[in-house]
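> Sequence below, structure please.
(one chain, ligands or ions: 1)
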Amino acid sequence: MKIFKDKKTLIKEIFNKKNIAFVPTMGSIHQGHLSLIKRAKKESKNVLVSIYVNPKQFNTSSDFKKYPRSESKDIALLRRANIKYLYLPNNNDIYSFRPKSRIYLDKFSKKLCGKFRPKHFKGVLNVINRFIEIIKPHSIFLGLKDFQQLNLIRLHLLKNKITTKIISCPTIRERNGFALSSRNKKLKNKQIKVAGKIYKYLKNLKQNVISTNLKERQLNAISKISLFGVKNIDYLEFINIKTLKPAKSIRENYNIFIAYHLGKIRVIDNL
Ligand code: AMP
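Next up, the predicted model:
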């Protein structure tokens, strides 16, 4: 595994490689990230992983500072995963140039997490746009756990006619169903149990075809989840995964999207 800390040497190494499979991450590598890498390795022998905690996608500097970081452990895990390139840029490497493509922020960015984290998706698209310009990957591997992020990146690439192919990867979960996330490291066992209960409840809710009124389902689900001890639910919505609009009937192809807080940790999921 070759490690690059600046784009000049990275570009020199990869400029003639046509099949770079790119896996962007913010580090604290877990099995979710490793599943993306596994998928990327099927596509290409030139897998490039980045670790960069992007300050522009955090709403507060305290949240940015608190974000878990474990660089030496990550490097060891990535060596074991046998990837070809690891890119560890600093802020200057990413933000000191003017990208050719403009950020396209679709109106879907105003929904779900966009309502609660106003600058978040603009920050995500800014960094992804820059990474793509530096790396020019053939494909980029993104997790469906961050469905809204994945779709906003897809719409940005489409609008700018960027040919990088998106490969969507399924959500990897704990044994109790809770979606893996770097922030989970900060949760107590009791909180992970609650998250497992919420997952199970939502999974059953989706399979339940008896109550068909989605508004009623939404209200019932919110009060049930509060009973599990969750005081702060940002949203619980049923969204059609093709039109990206609120589902009106259970016959539509929808997912349940949720964001809630376990103590100081914000959790998102969709299923
Ligand atoms: P992050 O480091 O949290 O920015 O995530 C980097 C990439 O890993 C994103 O494309 C995420 O959607 C993806 N990812 C995060 N958690 C999971 C998970 N539990 N299963 C699959 N992919 C994930």
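> continuing past the lengthiest helix in the chain, what's the next helix or strand?
In the chain, with assignment by DSSP state H, the single longest helix is helix 189-207. Proceeding N to C from helix 189-207, the next assigned helix or strand is helix 214-227, under DSSP states H and E.
> other SSEs contacting that following helix?
helix 189-207, strand 233-240, strand 254-262 (3 or more CB pairs under 8 Å, 6 or more residues apart in numbering; DSSP states H and E). C-beta: built from backbone N, CA, C; applies to glycine.
> JSON lines please, covering these and showing distance to residue 79 and mean pLDDT.
Listed next are these as JSON lines, based on distance: least, CB to CB, whole Å; pLDDT from 0 to 100:
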{"stretch": "helix 189-207", "distance to residue 79": "28", "mean pLDDT": "96"}
{"stretch": "strand 233-240", "distance to residue 79": "37", "mean pLDDT": "98"}
{"stretch": "strand 254-262", "distance to residue 79": "32", "mean pLDDT": "98"}
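> Dig out what residue 25 forms beta bridges with.
residue 51 (DSSP bridges).
> okay, it: pLDDT?
You'll see residue 25 listed with a pLDDT of 98.
> residues in contact with it?
Contact analysis of residue 25 by CB atoms under 8 Å, 6 or more residues apart in numbering lists 33, 36, 49-51.
> among the residues you listed, which two are most distant?
In the contacts of residue 25, the most distant members under the criterion CB to CB are 36 and 51, with 12.9 Å between them.
> Looking only at neighbour counts, state which of those two leads.
Regarding residue 36 and residue 51, a neighbour count based on other CB atoms under 10 Å identifies residue 36 as having more, with 25 against 22.
> pretty sure the more buried one is touching residue 21, no?
No. Taking contacts as CB atoms under 8 Å, residue 36 lies outside contact range of residue 21: 9.6 Å.
> And the nearest residue to residue 178 once chain neighbours are set aside, how close does it get to residue 268?
In space, and not counting its chain neighbours, residue 178 is closest to residue 195: 4.1 Å by CB to CB, 6 or more residues apart in numbering. Residue 195 sits at a distance of 11 Å from residue 268 (criterion: CB to CB, to the nearest Å).
> The chain - how does it break down into domains?
Domain assignment for the chain by automatic domain parsing gives 2-169, 182-270.
> quick one: the longest one to chain centroid distance?
On the basis of CA atoms, centre = their mean, to the nearest Å, the separation between the geometric centre of domain 2-169 and that of its chain is 10 Å.
> What is the end-to-end distance of it?
End-to-end distance of domain 2-169 (CA to CA, to the nearest Å): 25 Å.
> ok, now stretch 84-100?
Start-to-end, stretch 84-100 (CA to CA) is 27 Å.
> do that stretch and the ligand meet?
No. Stretch 84-100 does not reach the ligand (CB under 6 Å from any ligand atom); its nearest approach is 13.4 Å.
> Give the buried residues for that stretch.
By neighbour count on 16 or more other CB atoms under 10 Å, the buried set for stretch 84-100 is 84-89, 93-95.
> which of those residues lies closest to residue 154?
residue 94 (21.2 Å).
> ok, and that closest one, which helix or strand is that part of?
Secondary structure from DSSP H and E places residue 94 in helix 91-95.
> Single out the residue in the stretch 51-200 of the chain that lies closest to the ligand.
Residue of the stretch 51-200 of the chain nearest the ligand, by CB to the nearest ligand atom: residue 143 (2.4 Å).
> Alongside the ligand, which residues does the stretch 151-271 of the chain contribute?
Contact residues, the stretch 151-271 of the chain versus the ligand (CB under 6 Å from any ligand atom): 169, 171-172, 179-182.
> can you rerun that using 8 Å?
Residues of the stretch 151-271 of the chain lying close to the ligand (CB under 8 Å from any ligand atom) are 169-173, 179-182.
> Going by neighbour count, which of those comes out on top?
Counting by other CB under 10 Å, top hit in these: residue 181 with 25 neighbours.
> Touching, it and residue 31? I think so.
No. Applying CB under 8 Å as the test, residue 181 and residue 31 come out as separate, 10.8 Å apart.
> can you pull the contacts of the residue nearest to residue 81 when sequence neighbours are not counted?
Excluding its sequence neighbours, the residue lying closest to residue 81 (CB to CB, 6+ apart) is residue 37, at 5.2 Å. By CB under 8 Å, 6+ apart, the residues touching residue 37 are 23, 47, 49, 78, 81, 83, 141.
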